[in-house]
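J.: Quick one, what's the 3D model for this:
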Amino acid sequence: MENIKLGLIGSGARIKSMYLPVFESVGVEVAGFTTRDSEKGQVFSQNTGLKYFDNAENMIQATNIDYFLVAVAMNANATIVDELLKFGKPIIVETPLAWSKGQTVRLVNKAKQLGVKIYVMEQFPYMPYELLRRQIFEDGVFGNIYAVYNDFSAYKYHGIARARHYLDSEPKSVRCETIKFSLTSSHISTNPDWQMANVKFTNGSRLFYVFSAEYWGSAICHPLTFRIYGEKATMVDDTIKVAIDANSEAITAKVIHEKTEKGATKRLSISIPSLKEYVWENPYAKDHLSDEQTAVAILLNSVFTNGANGLLPYTADDFAVDIEINQAMNISDARAGASVGFPLNENLQKALKLMSYKFWKNKLIK
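T.: Residues are numbered from 1 along each chain as shown. Model (predicted):
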């Protein structure tokens, strides 16, 4: 891979803690950065040694960057990306690209008209355990996967993106409802809301989603589980049960997690008797990156090499599907668990939501 020059948009703590170590591992040169707060920009420049520019146009003229990477407050992502499209450079943006299907599709269509590629930093499908599970999945060990269950494992579009990879189909409908609990436990800072969704796909498979930010962040939240249910095998986190044939008992196998001396993931392996051993070697183990940093490095590498590492990058088109599911879940929730179909008709659903008793009840409570 040739030396890549990045122009950063943003100067938050996440760039320093998450991205700068990753850039060094991937071999990326940060040509400069810009942010709307000049005072913070100057401080960030002093702390990191990166060159600060007043705006993106000046940065491009002075550095001839290859990519933009946008790491700003999440609600500003869509606006910033829209402003950057005119420069004709490919854009890498953190999640969420936008908060609705309509806004995402408008950005996608505009980018295609201008010949600009938009990539989204959705690293959860590229985490080490996911890459090992992909090998097992792609080898057909699970057979037909009929359900994937995100049980407090990952938030909203992250959980959707992780699960959807295993369901080779398009979403058909969703029902979603938030359950509110009234608790006095000192271990949960606020009364938790559990968002529970059931997404049906056109081939009949299901994505079950349960998440609660309050419970997920509590000291007693257990477990944070991701499950894959197939006709021939089921995998719950790091343990798989496989039916080799109709006449034999199910075989159980568990992932072996090897770490570096500094605690980073070095190697994952699982040996399934009568089948084979599946192995994932961390290409960035010597850099002692966290699992999330490793996933970011792998995803960036897939962008820069156009999938030459065997993994396709996560694009704005991919995100459009995941945010549509996320948006439909929220609409169903506002309509007291009503079924919401795909493709999502935003105007119709907005009108139906305004007719929902639960929607207005929640508005009045707030």
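J.: Distance of the residue in the chain sticking out farthest from the centre relative to Ile160?
T.: Computed with Cα atoms, centre = their mean, the maximum C-alpha offset from the centroid of the chain is found at Asn247, amounting to 39.5 Å. Distance, Asn247 to Ile160, using Cβ to Cβ, to the nearest Å: 38 Å. Heads up, the C-betas are built off the backbone N, CA and C, glycines and all.
J.: thinking again about what came up before, wait, a strand at the residue farthest from the centre of the chain?
T.: No. The assignment for Asn247, made by DSSP: H, G, I helix; E, B strand; the rest coil, is coil rather than a strand.
J.: Renumber starting at 650 from here on
T.: Noted, 650 is the first residue going forward, which turns the last one into Asn896.
J.: Need the pLDDT of it.
T.: pLDDT, the model's per-residue confidence, is 75 for Asn896.
J.: Then Gly879?
T.: 97.
J.: in what helix or strand does Asn707 lie?
T.: helix 705-712 (DSSP states H and E).
J.: residues of that helix that come out buried?
T.: Ala705, Met708, Ile709, Thr712 (16 or more other Cβ atoms under 10 Å).
J.: so what's the third one up against?
T.: What it means is Ile709. Gly656, Phe736, Lys738 (Cβ atoms under 8 Å, 6 or more residues apart in numbering).
J.: most surrounded residue in the residues you listed?
T.: Gly656 (26 neighbours; other Cβ atoms under 10 Å).
J.: can you pull the contacts of the closest residue to Val677 other than its chain neighbours?
T.: Among residues not flanking Val677 along the chain, Ile653 sits closest, at 4.9 Å (Cβ to Cβ, 6 or more residues apart in numbering). Contacts for Ile653 were tallied using Cβ under 8 Å, 6+ apart; they are Val675, Gly676, Val677, Glu678, Asp715, Tyr716, Phe953.
J.: And the pLDDT for Ile653?
T.: For Ile653, the predicted pLDDT is 93.
J.: Which residues does stretch 922-942 contact?
T.: Stretch 922-942 has contacts (Cβ under 8 Å, 6+ apart) with 667, 670-671, 673-674, 772, 776-777, 780-781, 784-785, 788, 790, 891, 893, 900, 902, 909, 911-921, 943, 946-947.
J.: what's the first-to-last distance across it?
T.: 32 Å (Cα to Cα, to the nearest Å).
J.: and what of stretch 926-937?
T.: So stretch 926-937: terminal residues 25 Å apart, Cα to Cα.
J.: what's the offset of it from the middle of its chain?
T.: 21 Å (Cα atoms, centre = their mean, to the nearest Å).
J.: for stretch 832-840, same thing?
T.: With Cα atoms, centre = their mean, you get 28 Å for stretch 832-840.
J.: Over to that stretch now: how far is its first residue from its last?
T.: Stretch 832-840 end-to-end distance (Cα to Cα) = 6 Å.
J.: Buried subset of the contacts of Ile653, written for PyMOL?
T.: Buried residues among the contacts of Ile653 (16+ other Cβ under 10 Å), as a PyMOL selection:
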select buried, resi 675+677+715+716+953
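J.: Between the contacts of Ile653, which sits nearest Ile972?
T.: For these, the closest approach to Ile972 (Cβ to Cβ) belongs to Tyr716, at 22.1 Å.
J.: Does the closest one touch Leu655 like I think?
T.: Yes. In this structure, Tyr716 is within contact of Leu655 by Cβ atoms under 8 Å, at 5.5 Å.
J.: what mean pLDDT does the helix holding Asn707 have?
T.: 94.
J.: Would you map the helices across the stretch 700-849 of the chain?
T.: Ranges of helices in the stretch 700-849 of the chain, per DSSP state H, counting those that start in this stretch, are 705-712, 726-733, 750-763, 777-787, 805-813.
J.: for the stretch 850-999 of the chain, that is, sorry about that
T.: Going by DSSP H, counting those that start in this stretch, the stretch 850-999 of the chain shows helices at 862-865, 940-953, 965-983, 995-1003.
J.: how about those helices, which one is nearest Gln844?
T.: Between these, helix 965-983 lies closest to Gln844; by Cβ to Cβ that is 6.8 Å.
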